[in-house]
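1. Predicted model follows, preceded by the sequence.
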Amino acid sequence: MPQHKNHNPACCCRKIRGFGRRITPARHAVLDALSARGEHLTAEEVFKAASRHYPDIGLATIYRTLELFTKFGMVNKFDTGDDKARYEFADGPGAKGHHHHLVCTSCRRIVDYNDFINEETELLRRTEEGLANKYGFKINTHILQFYGLCKDCAK
């Protein structure tokens with residue numbers, strides 16, 4: 001089995017098996033593609049990367065595998081406003097850690113940031129606490145994206 005560069009293969013394999021699923025070549029291909037690039041990939045980009053080493057893999061298999069990994073909480077799926085979902089490792093071994101996104105609406109560049117300003121941290125804490133109290137909902141995590149123009153496109 002291949003060794004994945006930027007995530008813990010034992011952890012990923014344990015998680016997949018924990019859901020009663022097998023570790024297939026297609027699943028390794030998706031893990032490898034996400035790991036090798038380390039960025040926000042579309043399913044088509046995962047397909048291109050995976051098919052270099054796994055030429056028999058199909059695009060439909062990539063989509064099914066990404067959806068499965070999203071369901072298992074291994075991968076985050078998010079929208080950048082261009083009708084193409086992007087995927088990245090979720091928080092956990094091999095992930096970037098909790099972060100938010102700045103998405104350029106012109107060039108589609110995505111900036112990850114985790115150097116949160118104090119006001120942002122406090123606002124999110126209060127918002128999560130307020131929502132939990134109001135709706136009796138235990139919040140585990142959140143995804144936050146800001147849309148605008150990057151410094152190059154804003155010129």
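-> Sure, I can see it. If you're wondering where the values come from, they're calculated on a predicted model, not measured in any experiment.

2. show me the contacts for the residue lying farthest from the centre of the chain.
-> When distances are taken from the C-alpha mean of the chain, residue 155 lies farthest, 29.6 Å away, according to C-alpha atoms, centre = their mean. If you count contacts by C-beta atoms under 8 Å, 6 or more residues apart in numbering, residue 155 has none. The C-beta positions use only the backbone N, C-alpha and C, and glycine is treated the same way.

3. Give me the mean pLDDT for stretch 87-106.
-> In this model, stretch 87-106 has a mean pLDDT of 75.

4. Now the longest helix anywhere in the chain: buried residues?
-> Using DSSP state H, we find that the single longest helix of the chain is helix 118-135. Under the neighbour-count criterion of 16 or more other C-beta atoms under 10 Å, helix 118-135 has residue 128 buried.

5. separation between the residue farthest from the centre of the chain and residue 105?
-> Using C-beta to C-beta, to the nearest Å, one obtains 15 Å as the distance from residue 155 to residue 105.

6. tell me the secondary structure for residue 137?
-> The three-state label for residue 137, taken from DSSP: H, G, I helix; E, B strand; the rest coil, comes out as coil.

7. Repeat that for residue 103.
-> Three-state assignment for residue 103 (three-state DSSP): strand.

8. Name all residues that make contact with it.
-> Counted by C-beta under 8 Å, 6+ apart, residue 103 has contacts 80-81, 109-111, 145-148.

9. Got phi/psi on the residue nearest the centre of the chain?
-> When C-alpha atoms, centre = their mean is applied to the chain, the residue found nearest the centroid is residue 88 (2.3 Å). Residue 88 adopts backbone torsions of phi -150, psi 160, taken as degrees, to the nearest 10.

10. gap between it and residue 65?
-> 15 Å.

11. Same check on residue 132?
-> 33 Å.

12. ok, now residue 115?
-> Look at residue 115 and residue 65: by C-beta to C-beta, they are 32 Å apart.

13. Look at those two and report which has more neighbours.
-> The residue with more neighbours, out of residue 115 and residue 65, is residue 65; 23 against 6, by other C-beta atoms under 10 Å.
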